[in-house]
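> Starting from these lines, generate the structure:
(one chain, ligands or ions: 2)
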Amino acid sequence: MHNKFERGWLMLYNDIKQAIRQFNFEGKYLSAEELRSGNINSTYRLTFVKSDGARQEYILQRINTVVFKDPYAVMENITNVIDHIDKKLRAAGEDTSRRLLHFVNTKDGSYLCRDSTGAFWRAYVFVDGVTAYNSIDDPALFYEAGRGFGEFQKNLFDFPAELLHETIPDFHNTKRRFYAFVAAIADDKAGRVRELEEEIDFLFDRRKMMSEIVDKIDAGILPMRVTHNDTKLNNVLIDNKTGKAACVIDLDTVMPGSSLYDYGDAIRFGASTAAEDEADLSKITVNMELFKLFTKGFVEEIANALTKEEIHYLPLGAKVMTCELALRFLTDYINGDEYFKVNSPDHNLIRARAQMKLLTELEAKYEEMVEYVDSLIEN
Ligand code: GN1
Ligand code: MG
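Ligands and ions are numbered 1, 2, ... in the order given. Have a look, this model is predicted:
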């Protein structure tokens, strides 16, 4: 008989052992722990012991192929982007060991392997001495997060966009997402629509606003860039010693997009006073100090590379991305939780309501936000 802990550990090990055996990890396997921060892929931290007794940690991930239908295309995007940034950092004389993800080869020389269930796995070296923050205690960190994401985007300004696969088509196409939302309401697969009148009305009221970035791209007012597309605070690792942004991670959704998406998603997640799935709506507002710090860091890095219009419209990105996430969470709730991982039956509804509350706060502060970004262009 195994005790409860051992049973849990064995189940975990059984899930991942086939994958572990296929990578060129250094040393002897010691332990694994599941990290539960992502909503899509499954992520594990592995510890190995090298022959000199030192520990070496890796991150092992199972790619969710419902979401990422072509994992080879995802990995090709990521490795191309990393190579591009690697060259730039080296040319500037930087040590890239902790500034970029370093993927581990499989024994047959690939970056992906499959287990007997057909699942796809990849692994990279765990970056030491850095922290992925879910919320901010020290506001200076958010300035650094802004700089980190700004620098990432700047480094990709001359990346040939035609090399990129669109791994999730229309990822931030809020017009298409709205159609998917309407279709989900019509289907009502999970029988949940009747309880959602208020939330559905809220999103219908914002349909025009939500389309504004897509419309401005179509009208040639906003240019397409190569963007990260998932710029949550915990996707920029901050160096524990220097407090500086070290490495941008989670490059699965690097695709052509608008700079407003990256800026806006980072504000949505990081400048909120509460977690993305906070159930107590009274806790959710926008921290304007954090908003300003992130904006300053982001704009300082890429001001020269963005057009004046893009900078002026950055706060629109915060509104649109927050509304997009409200829409996506609610659509998934209506569909019976097919896309995002959930930890309770109403988790997606709680997330959607939290994003709606945040959006009303952003709307109330919108003019102040635009004034602030405009003041940065004038200077
Ligand atoms: C998903 O799995 P994670 O946390 O990296 C999602 C993002 C959402 C985010 C919301 C591919 O990202 O778009 O903004 O959840 N990723 C995908 O927390 O859909
Ligand atoms: Mg992600």
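
> Excluding chain neighbours, what is closest to the residue of the stretch 251-379 of the chain at minimum distance from ligand 2?
At 5.7 Å from ligand 2, residue 252 is the closest residue in the stretch 251-379 of the chain, using C-beta to the ion. C-beta coordinates here come from the backbone N, C-alpha and C atoms, glycine included. The spatially closest residue to residue 252, leaving aside those adjacent along the chain, is residue 74, at 5.5 Å (C-beta to C-beta, 6 or more residues apart in numbering).

> host element of that neighbour?
Take DSSP states H and E as the rule and residue 74 turns out to sit in helix 71-91.

> again, but for residue 216
Assigned by DSSP H and E, residue 216 belongs to helix 212-218.

> ok, residues contacting the helix holding residue 74?
63, 65, 68, 96, 99-101, 103, 111-112, 120, 122, 152, 155-156, 159, 163-165, 167, 226, 251-252, 254-255 (C-beta atoms under 8 Å, 6 or more residues apart in numbering).

> Just the buried ones from these?
For these, a neighbour count by 16 or more other C-beta atoms under 10 Å gives the buried set as 63, 68, 99-101, 103, 111-112, 120, 122, 152, 155-156, 159, 164-165, 167, 226, 251-252, 254-255.

> Inside helices: which ones of these?
Of these, the ones assigned to helices by DSSP state H are 152, 155.

> Report the residue ranges of every domain in the chain.
Split into domains by automatic domain parsing, the chain comes to 4-128, 131-378.

> List just the one of the ones you listed that sits closest to ligand 1.
Among these, domain 4-128 comes nearest to ligand 1, with 3.7 Å by C-beta to the nearest ligand atom.

> Please see if that closest one touches ligand 2.
No: Domain 4-128 does not reach ligand 2 (C-beta under 5 Å from the ion); its nearest approach is 6.2 Å.

> Go ahead and measure how far the helix or strand hosting residue 313 is from the middle of the chain.
In this assignment (DSSP H and E), residue 313 forms part of helix 308-334. Relative to the mean C-alpha coordinate of its chain, helix 308-334 is positioned 14 Å out (C-alpha atoms, centre = their mean, to the nearest Å).

> cool, stretch 52-72 as well?
That offset, for stretch 52-72, works out to 16 Å (C-alpha atoms, centre = their mean).

> now do stretch 344-363
For stretch 344-363, the distance to the chain centre is 17 Å (C-alpha atoms, centre = their mean).

> sorry, back to before: now render the domains of the chain as a markdown table, adding mean pLDDT and distance to ligand 1.
Formatted as a markdown table, the domains of the chain follow (pLDDT from 0 to 100; distance: least, C-beta to the nearest ligand atom, whole Å):
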| stretch | mean pLDDT | distance to ligand 1 |
| --- | --- | --- |
| domain 4-128 | 92 | 4 |
| domain 131-378 | 96 | 5 |
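
> deepest of these, which one?
The highest mean neighbour count among the domains of the chain, using mean count of other C-beta atoms under 10 Å, belongs to domain 131-378: a mean of 19.

> First-to-last residue distance for that domain?
34 Å (C-alpha to C-alpha, to the nearest Å).

> Make 729 the starting number, not 1.
Done: numbering now begins at 729, and the last item shifts to domain 859-1106.

> quick one: residue 1018 from residue 1075, how far?
Residue 1018 is 25 Å from residue 1075, where distance means C-beta to C-beta, to the nearest Å.

> just residue 885 next, same as before
In this view, residue 885 and residue 1075 are 37 Å apart by C-beta to C-beta.
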